[in-house]
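Colleague: Curious how this folds, go ahead:
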Amino acid sequence: MKIVAFLGSPRVDGNTELLLNEAVRAVLDLGHEVKVHKLNLMRIKPCQDCGGCDKNGICIIDDDMTEVYQDIREADRIILASPIFFFGMSAQAKAMVDRCQSFWCEKYLLKKTIPEGPHGRKGLLMLVGGMKKEVGIQCGEATAKAFFRTVSVPSHELLGFLQVDAKGAILEHPTALKDAYEAGRTLVRT
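Modeller: Take a look at the predicted model:
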């Protein structure tokens with residue numbers, strides 16, 4: 001089973017990364033490999049809405065998304081982890097998601113979907129935000145849902161935490177790390 005994870009947080013060892021690490025640890029403990037993309041360290045230009053992918057589903061921008069496209073195409077499981085900034089995913093996560101317009105063109109204009117593969121395709125969304133209102137999680141999930149469906153991941157689980165802001169504050173949450181570990185285990189169950 002191939003698992004790819006995307007860390008959308010710019011904060012090194014921050015709350016989002018700590019949660020993602022627990023989910024990844026669970027997947028590794030079950031004997032699977034995980035490729036983690038730290039989006040903040042990658043060279044990913046924002047979508048230019050140029051129409052270059054309309055006819056063939058291939059983005060014309062040559063940057064680190066080339067590797068991301070291949071990993072998404074081959075993945076059985078996709079994990080997307082992001083902090084919530086102003087009721088949405090981070091710019092790093094959103095840039096990656098927006099560049100999946102080429103998959104949208106491939107799926108909806110060219111009528112080609114990514115094959116399901118022997119294990120099916122599932123997703124896990126992990127969101128962390130300092131706000132008190134659920135709307136931040138809801139807005140982030142709406143974007144992620146569009147991303148997952150576009151890359152032929154028909155279902156995903158959501159693990160979201162509110163009122164977690166300061167670096168490392170997730171460690172004080174009574175169940176967060178345990179929940180993240182269990183979410184990782186659940187993700188790779190067939």
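Colleague: make it CA atoms for all contacts and neighbour counts henceforth
Modeller: OK.
Colleague: Please, which helix or strand holds S82?
Modeller: Assessed by DSSP states H and E, S82 sits inside strand 77-85.
Colleague: Give me the helices and strands touching the following helix or strand past that strand, please.
Modeller: Using DSSP H and E, the helix or strand that follows strand 77-85 in sequence is strand 88-89. Applying 3 or more CA pairs under 8 Å, 6 or more residues apart in numbering; DSSP states H and E, one finds that strand 88-89 contacts helix 135-150.
Colleague: helices and strands around the helix it packs on, which ones?
Modeller: Judged by 3+ CA pairs under 8 Å, 6+ apart, helix 135-150 is in contact with strand 77-85, strand 88-89, strand 122-128, strand 155-161.
Colleague: could you dump these to a markdown table with distance to A142 and mean neighbour count?
Modeller: Shown next, in a markdown table, are the helices and strands packed on helix 135-150 (distance: least, CA to CA, whole Å; neighbours: other CA atoms under 10 Å):
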| stretch | distance to A142 | mean neighbour count |
| --- | --- | --- |
| strand 77-85 | 12 | 25 |
| strand 88-89 | 9 | 25 |
| strand 122-128 | 11 | 26 |
| strand 155-161 | 11 | 18 |
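Colleague: I'd like these laid out as a markdown table, including distance to D13.
Modeller: Listed next are the helices and strands packed on helix 135-150 as a markdown table, based on distance: least, CA to CA, whole Å:
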| stretch | distance to D13 |
| --- | --- |
| strand 77-85 | 12 |
| strand 88-89 | 18 |
| strand 122-128 | 13 |
| strand 155-161 | 17 |
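Colleague: List just the one of those that sits closest to C50.
Modeller: Nearest of the helices and strands packed on helix 135-150 to C50, taken as CA to CA: strand 88-89 at 23.1 Å.
Colleague: Pairing partners for the strand holding S82, with directions?
Modeller: Sheet partners assigned to strand 77-85 using DSSP bridges are listed as strand 2-7 (parallel), strand 88-89 (antiparallel), strand 122-128 (parallel).
Colleague: Serialize those to JSON lines and add fields for distance to T175.
Modeller: Below are those laid out as JSON lines (distance: least, CA to CA, whole Å):
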{"stretch": "strand 2-7", "distance to T175": "21"}
{"stretch": "strand 88-89", "distance to T175": "23"}
{"stretch": "strand 122-128", "distance to T175": "14"}
